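> Next comes the sequence, and after it the predicted model I'd like to discuss.
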Amino acid sequence: MPPHRTTRAAAGSARCGTSSPPSPRAGLPDAVARDPQGFVYTGDDVPDPPGGRPPHALETSVPRLLAVGDVRHGSVKRVASAVGEGSVAVQTIHRLLAAA
């Protein structure tokens with residue numbers, strides 16, 4: 001096993017919220033694309049993705065901003081699914097930081 005490496009990176013913010021659909025007070029930027037019910041588009045559902053690349057599966061219309069669980073457009077609205085998406089989000093964050 002290779003030695004463990006720790007890297008620190010500055011982050012503009014990290015947020016966690018529980019609301020389905022997302023509350024307007026959730027602090028999400030206006031640039032986050034949402035469906036008519038207020039659920040957040042992620043991955044392939046993001047209309048006209050910015051950033052010159054397709055978004056990662058849980059990435060919103062704002063590059064490097066991820067959404068998981070019931071807040072996502074098309075989610076199955078189950079706790080177990082949200083937990084699984086959270087673990088995938090951690091892997092995605094590692095990929096995004098490595099590419100920065």
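Right, received. Where do you want to start?

> tell me the centre residue of this structure?
What sits nearest the mean C-alpha location of the chain, by C-alpha atoms, centre = their mean, is Leu66, with 1.2 Å.

> where along this structure do the helices fall?
For the chain, the helices defined by DSSP state H cover 79-99.

> Model confidence at the residue nearest to the centre of the chain, what's the number?
On the pLDDT scale, Leu66 is placed at 90.

> same question, Ala33
94.

> Give me the distance between it and Ala67.
Distance from Ala33 to Ala67, counting by C-beta to C-beta, to the nearest Å: 11 Å. C-beta coordinates here come from the backbone N, C-alpha and C atoms, glycine included.

> which stretches of this structure have low pLDDT?
Counting by pLDDT under 70, the low-confidence segments of the chain come to 1-22, 24-26.

> what about the strands in it?
Assigned by DSSP state E, the chain shows no strands.

> Overlap in contacts, Ala33 and Ala67.
Residues touching both Ala33 and Ala67 (C-beta atoms under 8 Å, 6 or more residues apart in numbering): Val40, Thr60.

> is it true that the residue nearest to the centre of the chain touches Val90?
No. Applying C-beta atoms under 8 Å, one finds Leu66 not in contact with Val90, separated by 9.6 Å.

> residue contacts, Ser81?
Gly69, Ser75.
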